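K.L.:
kindly return the folded structure for what I paste below:
(one chain, ligands or ions: 1)
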Amino acid sequence: MSHEPTAAPSGSPPVNLLALTEEGLGRLLQQFEWPRYRIGQILRWLYQRRAGSIAQMTDLSQKDREQLTHVATISRTQQCTVLESADGTRKFLLTLDDGLRIETVLIPDEERLTLCVSTQVGCMLDCGFCLTGTMGLKRNLKAHEIVDQVLTAQDHLTGEERLTNLVFMGMGEPLANIEALSSAIQCLINKSWGLGWSPRRITVSTAGLAARLKDVAALGVNLAISLNGTTEEQRQQLMPAVSQIASLKTLMAACRRYPLAPTRRLTFEYVLLAGVNDRDEDAHRLVKLLKGLRCKVNLIPFNEFPGNPFRRPTDRSVLAFQAILTRAGVDAFIRKSRGRDVLGACGQLGNLSPDYAGRALTQIESRC
Ligand code: SAH
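P.N.:
Okay, here's the model as predicted:
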C-alpha cells in the first residue's frame, strides 16, 4: 500500500492498526525501539485473535500498551446487521466508516461454509443481470475493509462453525481493485500472523478483466471467470462495459495463457437467462469455446430482482443445458440459489434496506 499512514505525530489522529501492512506496522513501532518480534505479536492479536482493542494485547506490558494507544487504535466495522434466510444463508450488512454499506454473505452447504466477500462499494461495470451494477461505483474497498468482512463473519459464527471457503464474488469487480485485493489476500493467507488460509480455498471471480488474470495467478488463489455469453454480440449485450475493456476473444486468449498449476482448473460461471443464453445452441457454443481448457462450469440460474427484465429458466431447461455440457465431457455444476429471500444470492447484492429485501421476497417468490 503506497498511501498508508506511518507514525502518527503527536496531535494527529491515531492510526488504524488494521490499515497497516507488516512493513507499515514495523515503521510505526520504530519510534518505540521495541524488539522486532512485537510486530508479529501485534498482528496475531489483530488477525488470529480478532482483538477489538489494544488493551486486550496482554502479552505486551501495560506500559507498551499505553504507548501504542497514544498513536494507534483498532478500528473494526462498528455496525453490522444480519439478515438470515430461511435456507440458513446469512447476509451481513456492514456500515463503513464513511457511512457507505457493503454486503457479505455466509452460505452453509453440507460440509462447506462459504463466505462471499465484497471488494467494492457498488461496481463500475453494468452487467444487465446484476443488481450491484445498477448502483454504479461508489468507491473501492480498502484492504482492511475486505479483511474485516472475514473477521466480522468469524465473530458471528456459532460454536461448531468454521469457514471453509472464501469467494470474492460479492459486490464489485475484484480485479478493478487489485491492489487492495492482493494486500487483503496476503493477510488472509499469512500463516505466521495472518488468518492462515490456504490459497486453494480462496476463489477470485472476474467479469473479464483479461489483462489482470495473471495477477490472480501470482496470488496462488483460484480463478473464476463470469462468461455468461458465448458470442461477442451476446457478451456485448449482457456485459457492455467489460466487453469494451476486453472482447470475448481477448478474454479466452488470456484464459488459455493462464499459468494454471497442474492440479488446478479454471472455473467458468455462466448465468442462465431464460430465452437469452440458455438455448441448446448456446450450450454447444460453450462446449466449443472451452475446448482444450482444463476447467469446470458453474451454471447459475438467474436470480431475479425487482425491476429487472430477465427471467429465471425452468429447472428443466437448466438441466437440459447442463446435460449438453456433460455429454460433451465438460464438468458442469448447477449452483444452488441461496439466500434469495434476503436478496443474498448472486447478483442480488445492492444497497437495499432489509425492509426492501422483505418486500422483494414476496415479489420474487410469487413469480417462481
Ligand atoms: N464482478 C465479479 C464478481 C461479482 S458477480 C464477476 O462478475 O465475476 C458474481 C457472480 O454472480 C458472477 O458470475 C455473475 O455473473 C453472477 N451474477 C450476477 N448477477 C446475477 C444474477 N442476478 N443472478 C445470478 N447470477 C448473477
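K.L.:
doesn't residue 346 make contact with residue 105?
P.N.:
No: using CB atoms under 8 Å, residue 105 makes no contact with residue 346, being 9.2 Å away. Every residue, glycine included, has its C-beta placed from N, CA and C.
K.L.:
neighbour-wise, which of the two wins?
P.N.:
residue 105 (30 against 26; other CB atoms under 10 Å).
K.L.:
could you pull out the strands in the stretch 151-300 of the chain for me?
P.N.:
In the stretch 151-300 of the chain, the segments counted as strands under DSSP state E, counting those that start in this stretch are 165-168, 202-206, 222-226, 266-272, 295-301.
K.L.:
could you dump these into a markdown table with mean neighbour count added?
P.N.:
Listed next are the strands of the stretch 151-300 of the chain as a markdown table, based on neighbours: other CB atoms under 10 Å:
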| stretch | mean neighbour count |
| --- | --- |
| strand 165-168 | 22 |
| strand 202-206 | 22 |
| strand 222-226 | 24 |
| strand 266-272 | 22 |
| strand 295-301 | 21 |
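K.L.:
which among the ones you listed is found nearest to residue 14?
P.N.:
Among those, strand 165-168 comes nearest to residue 14, with 29.4 Å by CB to CB.
K.L.:
could you redo the strands of the stretch 151-300 of the chain as JSON lines and give each row mean pLDDT and distance to the ligand?
P.N.:
Formatted as JSON lines, the strands of the stretch 151-300 of the chain follow (pLDDT from 0 to 100; distance: least, CB to the nearest ligand atom, whole Å):
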{"stretch": "strand 165-168", "mean pLDDT": "98", "distance to the ligand": "7"}
{"stretch": "strand 202-206", "mean pLDDT": "98", "distance to the ligand": "4"}
{"stretch": "strand 222-226", "mean pLDDT": "98", "distance to the ligand": "3"}
{"stretch": "strand 266-272", "mean pLDDT": "98", "distance to the ligand": "4"}
{"stretch": "strand 295-301", "mean pLDDT": "97", "distance to the ligand": "4"}
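K.L.:
would you turn those strands into JSON lines with distance to residue 112?
P.N.:
Shown next, in JSON lines, are the strands of the stretch 151-300 of the chain (distance: least, CB to CB, whole Å):
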{"stretch": "strand 165-168", "distance to residue 112": "6"}
{"stretch": "strand 202-206", "distance to residue 112": "12"}
{"stretch": "strand 222-226", "distance to residue 112": "14"}
{"stretch": "strand 266-272", "distance to residue 112": "15"}
{"stretch": "strand 295-301", "distance to residue 112": "14"}
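K.L.:
I'd like to know which of these is closest to residue 215.
P.N.:
Nearest to residue 215, of all the strands of the stretch 151-300 of the chain, is strand 202-206, at 9.1 Å by CB to CB.
K.L.:
ok and that closest one relative to strand 222-226, angle-wise?
P.N.:
With axes from the mean of the first three to the mean of the last three CA atoms, to 10 degrees defining the directions, strand 202-206 sits at 30 degrees from strand 222-226.
K.L.:
for the stretch 251-368 of the chain, what lies in contact range of the ligand?
P.N.:
Within the stretch 251-368 of the chain, the positions adjacent to the ligand are 269, 271, 300, 302-303, 346-347 by CB under 6 Å from any ligand atom.
K.L.:
just send those back as TSV, with distance to residue 122 too.
P.N.:
Output for those, formatted as TSV (distance: CB to CB, whole Å):
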residue	distance to residue 122
269	20
271	19
300	21
302	20
303	18
346	16
347	13
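K.L.:
which of those residues sits closest to residue 42?
P.N.:
Of those, the one sitting nearest to residue 42 (CB to CB) turns out to be residue 346, at 37.2 Å.
K.L.:
any idea of the pLDDT on that closest one?
P.N.:
pLDDT for residue 346: 72.
K.L.:
so it is in which element?
P.N.:
For residue 346, there is no host helix or strand (DSSP states H and E).
K.L.:
so what pLDDT did the closest residue to residue 243 other than its chain neighbours get?
P.N.:
Once flanking residues are discounted, residue 243 sits nearest to residue 236: 4.5 Å by CB to CB, 6 or more residues apart in numbering. The model reports residue 236 with a pLDDT of 98.
K.L.:
you'd agree residue 236 is up against residue 246?
P.N.:
No: counting by CB under 8 Å, residue 246 is not a contact partner of residue 236; they are 11.5 Å apart.
K.L.:
who's more crowded, those two?
P.N.:
Shown here are residue 236 and residue 246; by other CB under 10 Å, residue 246 has more neighbours (21 against 15).
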